[in-house]
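Chemist: requesting a structural model of the entry that follows:
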Amino acid sequence: MSPHAPAPRLSDLDPAQDSRTSAAQSVLTLTRVALASPDLAAGITPTLEHLVGQTAAVGSAYFQAGGDEVLAYQVRAAWGDLPQTPGMQAIAAHGLPAETPLMRALERSAAPLFFDDTRAHPETAGFPDLGVVSLAAAPVRSAGGDLLGAFLMHTFEAHVWQAEEAALFSMVSGTIAALAGRLAAEEEALQAREAALRALGLALEARDGETQGHTDRVTRLAMRLADELDFPPARKQALRWGAYLHDIGKIAIPDAVLLKPGKLSAEEWDTMRAHVQEGRRFAGALRFLPPAALRVIEDHHERWNGAGYPAAKSGDEISLEGRLFALCDVYDALTSPRPYKAAWTPQAARAELRAQAGQHFDPELVERFLRVLEREDAAPDAPLD
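Modeler: Sure thing, here's the model as predicted:
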């Protein structure tokens, strides 16, 4: 091309080439989104939205195997219009059975499958009953090659999948499928860590019998208050992990002190307070713990007026995680029975929190926490985000 020749216009380009360029750009964008997402659903949903927006599909979903012994593939993310039929409701609740002909076909297929009319193919048996007339399905495999899940997109009316739609679905699902496998593996590892950290907290309860159920109760309260403060998912996770381990340093406290039924001496109190530093040392050895989780352990015995321990921090010197968790920890301690006291009523415990606002607790957080408790009274079984 002459250096003085005009640059090609979009209308001059080969439409097929332009379509491929657009699809490639879409893959790059969706890949960046998936890599930056905090969890699998957030990473996959933009891909499903893109498929619905760029093809004739009215709805799309990602199904993933539910466990080591695959009995069903669960809906992990969805976008657009899904069938409003009893069969689809059953799939949403219990998953797509592994013996479904479509999933068996995907186990054998290395490439996406396209069905213009689900009534005409044995592989899509059952889908006409859902109201799905045309269907596209792409396998998602683990690193070992086993079927991990599938991308599906569908229409409710007859549709012949066009070459550009098939190319887009194949390119997008093929690339994101590899990321889905990675995200699923990371999610599984994350769940294993979560379970292990909670188990540590519960193991401490088994030793310290007066706090049975304490770990789960304070964690639930902390998550509610985090929602009130609009914590993002990663910060909530760090807070939750810190809540599991907040008193883990008590493992190093001798039974004679930890389980003593009577009043502790000054020397014994020094030993008991040392559980904070021991907990920080123990948790710090878990290299995957985020700093916010460690701040819960370090700061939940500090006081707004500087009279707490171990560092006598005051006001905003105390991390928000520490100030937040201190409220949850003390409230549960007040409303739970102990060998040395009966459980306080919720009303008495809340009055004590108000009385300690500006002394023990961040006064602004006290008011926010009390609002959370009022909502808990109104809807005690509301699900956590």
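Chemist: where does the prediction get shaky in the stretch 151-300 of the chain?
Modeler: 177-185, 187, 209-211 (pLDDT under 70).
Chemist: how about the helices in it?
Modeler: Shown for the stretch 151-300 of the chain, the helices assigned by DSSP state H, counting those that start in this stretch span residues 163-207, 214-228, 233-244, 255-258, 266-273, 275-284, 291-299.
Chemist: in a markdown table, list those along with mean neighbour count.
Modeler: Glycine gets a C-beta too; all of them are placed from N, C-alpha and C. Written out in a markdown table, the entries for these read as follows (neighbours: other CB atoms under 10 Å):
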| stretch | mean neighbour count |
| --- | --- |
| helix 163-207 | 17 |
| helix 214-228 | 21 |
| helix 233-244 | 22 |
| helix 255-258 | 14 |
| helix 266-273 | 13 |
| helix 275-284 | 19 |
| helix 291-299 | 23 |
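Chemist: in CSV: these, plus distance to Ala307.
Modeler: Listed next are the helices of the stretch 151-300 of the chain as CSV, based on distance: least, CB to CB, whole Å:
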stretch, distance to Ala307
helix 163-207, 26
helix 214-228, 22
helix 233-244, 22
helix 255-258, 22
helix 266-273, 13
helix 275-284, 15
helix 291-299, 14
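Chemist: between the ones you listed, which gets nearest to Leu320?
Modeler: Within these, the stretch nearest Leu320 is helix 291-299; the backing value is 8.2 Å (CB to CB).
Chemist: now do whatever helix or strand comes next after the closest one: distance to the chain's middle.
Modeler: Sequence-wise, the next helix or strand beyond helix 291-299 is helix 320-335, with elements assigned using DSSP states H and E. Average the C-alpha atoms of helix 320-335, do the same for its chain, and the two points are 23 Å apart (CA atoms, centre = their mean, to the nearest Å).
Chemist: picking up where we left off before, what's the closest of the helices of the stretch 151-300 of the chain to Glu317?
Modeler: Ranking those by proximity to Glu317 (CB to CB) places helix 291-299 first, at 9.0 Å.
Chemist: can you show me the CA trace of that closest one as CSV?
Modeler: Output in CSV follows, covering the C-alpha atoms of helix 291-299 (Å, rounded to 0.1, in the frame of the first residue of the first chain):
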residue,chain,number,x,y,z
PRO,A,291,-4.0,-8.7,56.0
ALA,A,292,-7.6,-7.8,56.9
ALA,A,293,-8.0,-11.3,58.5
LEU,A,294,-4.9,-10.7,60.6
ARG,A,295,-6.3,-7.3,61.7
VAL,A,296,-9.4,-9.0,63.2
ILE,A,297,-7.1,-11.2,65.4
GLU,A,298,-4.8,-8.3,66.4
ASP,A,299,-7.4,-5.6,67.2
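Chemist: start the count at 482 instead of 1 going forward.
Modeler: All right, first residue 482 from here; so that's helix 772-780.
Chemist: Ala859 is nearest to which of the helices of the stretch 632-781 of the chain?
Modeler: Comparison of the helices of the stretch 632-781 of the chain against Ala859 by CB to CB identifies helix 695-709 as nearest, at 12.4 Å.
Chemist: and the residue nearest to His841 when sequence neighbours are not counted, how far is that from Gln840?
Modeler: If the residues on either side of it in the chain are set aside, His841 comes closest to Arg784, at 5.0 Å by CB to CB, 6 or more residues apart in numbering. The spacing between Arg784 and Gln840, counted by CB to CB, to the nearest Å, is 7 Å.
Chemist: of these two, give the one with the bigger neighbour count.
Modeler: Arg784 (20 against 11; other CB atoms under 10 Å).
Chemist: so the more buried one sits against Ala792, correct?
Modeler: No - contact status for Arg784 versus Ala792: not in contact, 10.9 Å apart, counting by CB atoms under 8 Å.
Chemist: circling back: who's in contact with the residue nearest to His841?
Modeler: Ser795, Ala807, Gln840, His841, Phe842 (CB atoms under 8 Å, 6 or more residues apart in numbering).
Chemist: how many neighbours does the second one have?
Modeler: Right, Ala807. Using other CB under 10 Å, Ala807 is surrounded by 25 other residues.
Chemist: what's the per-residue pLDDT of it here?
Modeler: Here, the pLDDT recorded for Ala807 equals 97.
Chemist: got phi/psi on the spatially closest residue to it that is not a sequence neighbour?
Modeler: In this structure, Ala807 finds its nearest non-sequential neighbour in His781, 4.9 Å apart by CB to CB, 6+ apart. When quoted as degrees, to the nearest 10, the phi and psi of His781 stand at phi -80, psi -10.
Chemist: now His781: how far from Ser795?
Modeler: As defined by CB to CB, His781 lies at a distance of 15 Å from Ser795.
Chemist: of those two, which one has the most company?
Modeler: Set side by side, His781 and Ser795 show unequal neighbour counts under other CB under 10 Å, the larger going to His781 at 27 against 14.
Chemist: got the contact list for the more buried one?
Modeler: Contact criterion CB under 8 Å, 6+ apart gives His727, Gly803, Phe806, Ala807, Asp810 as the residues in contact with His781.
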